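Enquirer: Need the 3D shape of this:
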Amino acid sequence: MPWSEEDSKRLVGSALPVYARIAQTAGVNLSSREIIEQLLNAVIAQTRQAIPWRPGARELLAQLRQARIPMGLVTMSEAALANEIVAELPQGTFSVQVTGEAVEHGKPAPAPYLLGARLLMEHYPDREELSLNRMVAIEDSEPGVTSALAAGITTIGVPNIVAIPALAGLTLWDTLAGKTIADLEALLPVEAVGS
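Expert: Numbering: from 1, shown residues only. All right, here's what the predicted structure looks like:
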């Protein structure tokens, strides 16, 4: 069974076991783990050459870090790849990290974001303002925005490889370039901003 570019695009943002199952259905004669390992190794090799940072992403992360706003990374990639990306950022940029192998049900299920929120709240027990209604997720795929919205988190979609459909409660931005903490705060529910 041939594998098309559209097949690949349909899976952007999904958990790696989903990729493996689809590849097996398409005729790849490897175990799920072998498929995931080959995919991870290929992406890690590309990442070591150059990370394709989205315009404005590093600048926004730097603003948030400078303002001491806690941040978590929620990705369906496994830790081996996530660690490569995080290593290219200033130490302590992300206080917590949730990767694909940490949850039984990956994106689009809410579990990854609920775990990330819980870990942030546990990491900062003295920060009473850390609650779901004060968190913002920035995502680049439909599974990602669906996961964050289902977790009850204010969600921004910034399309990358594939378009993100307009969903109830979702804010779509073309880019992160020029975006600031004030832009993020403006999206929080009114009752959350004053808390």
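
Enquirer: what's the domain layout of this protein?
Expert: For the chain, the structural domains run 5-49, 57-193, going by automatic domain parsing.

Enquirer: Confidence-wise, which of the ones you listed is weakest overall?
Expert: Here the lowest mean pLDDT among the domains of the chain goes to domain 5-49, at a mean of 72.

Enquirer: now the strands: where do they sit in this protein?
Expert: Taking DSSP state E to define them, one finds strands in the chain at 72-74, 96-98, 136-139, 154-157, 170-172.

Enquirer: Can you convert those strands into CSV and add a column each for distance to A111 and mean neighbour count?
Expert: Heads up, the C-betas are built off the backbone N, CA and C, glycines and all. Supplementary listing: those in CSV, determined by distance: least, CB to CB, whole Å; neighbours: other CB atoms under 10 Å:
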stretch, distance to A111, mean neighbour count
strand 72-74, 10, 22
strand 96-98, 9, 21
strand 136-139, 14, 22
strand 154-157, 15, 24
strand 170-172, 19, 17
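
Enquirer: which one of these lies closest to L60?
Expert: Nearest to L60, of all the strands of the chain, is strand 136-139, at 8.1 Å by CB to CB.

Enquirer: Direction included, what does that closest one pair up with?
Expert: strand 154-157 (parallel) (DSSP bridges).

Enquirer: Only C-alpha atoms, please: export the strand it pairs with in PDB.
Expert: C-alpha atoms of strand 154-157 as PDB (Å, rounded to 0.1, in the frame of the first residue of the first chain):
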ATOM      1  CA  THR A 154      -6.500  28.500  26.700                       C
ATOM      2  CA  THR A 155      -5.100  27.400  23.400                       C
ATOM      3  CA  ILE A 156      -3.300  29.100  20.500                       C
ATOM      4  CA  GLY A 157      -2.800  27.300  17.200                       C
END
